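Colleague: With the sequence up front, the predicted model follows.
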Amino acid sequence: MSIAYHEPEALDAAVRLLAEIEGARCIAGGQTLVAMLNAGLVEPAALVSLARIPELGAISRAGDGSLRIGAMATHEAIAESPLVARVSPLIAGAAGAIAHPPIRSFGTIGGAVAHGDPNADYPAALVAADARVEIVGANGRRAVPAAEFFQDYLTTAVEPGEIVTAVLVPPPPAGVRGRFLKFTRVDGDYATVAVAALLGCEAGACKHIAVALGAVAPRPVRDRDAEKALIGRPPTDQAIAVLGETLAAACDPVDDVRGSAAYRRALVPILVGRAIKSLMQ
Amino acid sequence: MIEVELAVNGERETVSVDATQTLLDVLRTKLGLTGTKIGCNQGVCGSCTVLIDGKPARSCLVLAAGCRGRAITTIEGVGTADAPSPVQQAFIEAGAVQCGYCTPGMVLAAEALLRKTKRPSVPEIREALSGNLCRCSGYTKIVDAVKLASERAAP
């Protein structure tokens, strides 16, 4: 069967095509979708490429100081952007941790988040950063908090006919540092466990803390109550261990080639400890 | 079928492709450029590496229909048996070829690195080649070859 390929040059044209052709799919950098096509896992009725829509590729600073990363920004562009490094080293770190240089040169943040793979690197980083995902469809534009965007394994808040257009990252409060820590079997693999952490301390006490985990559940794992319990207290080894154990208990990992569920759960407190301690130095 | 003009190794050619046909498939079956190898067809092994606008790319993960206006370089555009490129010459001298199946991809990943970084460190070379698998596991000499090529190009 021959399927159609469209390369609209404006976002509204892309939205129209998705509305008109039932079963049409967007293609961004193709680094996951083409592999799925090659394996016969997806059979779209048509492909709508987002590659020729200039506004989708930009990385800029919005009026409220937040970072606006266009959906077609590549992992490489994000990892190497001085603006991203300044506003969110956590997101820059996650982008630079994805796969290998050739994948990072073509894979995009919009494609990655729209795919909704909980084993990928952005979901945990975006949840920890309180980022929002901007989505455009025939009914207009909306921005969904990352914690609500990632719903289940390969399932996101994107409805049929909608397109992920940008990721919006608020600047962390002054003095807050971020770290993306990825534990893999071999270089370039998906994470066995990933930890995205933000920490800001003042006079020896936690002022801001956010920790989200990747690759341990169908969606990123974060426990805001456990974080709140640390605010105003010094991040002692024991306090960090309690947070790590709480997060480990909230995980729902699978057994797979990258590690058993028990192994992943055992890694969580260790990696949470490493990530937070690295931010205290 | 979709008509698309491809610019491969400096030559323009219009080909008819299916929407889901990869650049790798088109290079090999429509343009007869079989130097680009098929390995996993899943973006894991790097044997199909080509350069697109100077960047190393998995040609198995790129749709040919999307390549209009982009400059593609395959191993055939790098050098010939009679006139190997400096990177290819260094691969020969360092003994960086065993079965040879990964070699075109390795050479193109190295070309991309050396265009960007004149004198890469060994960790930088290893990072640049990290997406290319050599199942003979001949990595040490491949890294040696890239180092040799960089030293000659930027003494």
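Modeller: Looks like it arrived, so ask away. Numbering: from 1, shown residues only, chains lettered A, B, ... in the order given.
Colleague: Between the two ends of stretch A:116-127, what distance do you get?
Modeller: Using C-alpha to C-alpha, to the nearest Å, one end of stretch A:116-127 lies 13 Å from the other.
Colleague: what's the residue positioned nearest the centre of chain B in contact with, if anything?
Modeller: Closest residue to the average C-alpha location of chain B: B:Leu108 at 3.2 Å, with C-alpha atoms, centre = their mean. By C-beta atoms under 8 Å, 6 or more residues apart in numbering or on different chains, the residues touching B:Leu108 are B:Thr49, B:Val50, B:Leu51, B:Pro56, B:Thr73, B:Thr74, B:Ile75, B:Val78. Every residue, glycine included, has its C-beta placed from N, CA and C.
Colleague: for A:Leu56, same thing?
Modeller: Contacts for A:Leu56 were tallied using C-beta under 8 Å, 6+ apart; they are A:Leu11, A:Leu50, A:Gly70, A:Ala71, A:Met72, A:Gly110, A:Thr165, A:Ala166.
Colleague: now A:Pro54
Modeller: Taking C-beta under 8 Å, 6+ apart as the criterion, A:Pro54 is in contact with A:Glu9.
Colleague: Okay, strands next: where are they in the chain?
Modeller: Unless you meant another one, I'm taking chain A. Taking DSSP state E as the criterion, chain A carries its strands at A:4-6, A:24-27, A:46-49, A:59-61, A:67-70, A:132-137, A:140-145, A:150-152, A:155-156, A:163-169, A:177-183, A:193-202, A:205-214, A:221-222.
Colleague: actually chain B
Modeller: When assigned using DSSP E, the strands of chain B occupy the ranges B:2-8, B:11-17, B:49-52, B:55-58, B:71-73.
Colleague: if we can go back for a sec, which one, of the strands of chain A, ends up nearest to chain B?
Modeller: Chain B sits nearest to strand A:4-6 of all those, at 3.8 Å, using C-beta to the nearest C-beta.
Colleague: Tell me if the closest one is near chain B.
Modeller: Yes: counting by C-beta under 8 Å from any C-beta of the partner chain, contacts between strand A:4-6 and chain B involve A:Ala4, A:Tyr5.
Colleague: and if you look at stretch A:171-185?
Modeller: No: between stretch A:171-185 and chain B, judged by C-beta under 8 Å from any C-beta, nothing touches; the nearest distance is 11.5 Å.
Colleague: got a list of contacts for that stretch?
Modeller: So stretch A:171-185 is in contact with A:65-67, A:87-91, A:93-94, A:97, A:121, A:124-125, A:128-129, A:190-202, A:207-208, A:258-259, A:267, A:271, A:274-275, A:278-279, going by C-beta under 8 Å, 6+ apart.
Colleague: Nearest to chain A within chain B, name that residue for me.
Modeller: Scanning chain B for the residue nearest chain A gives B:Gly131, at 2.8 Å (criterion: C-beta to the nearest C-beta).
Colleague: hang on, isn't that residue packed against A:Val186?
Modeller: No: the pair B:Gly131 and A:Val186 does not pass the contact test of C-beta atoms under 8 Å, sitting 11.5 Å apart.
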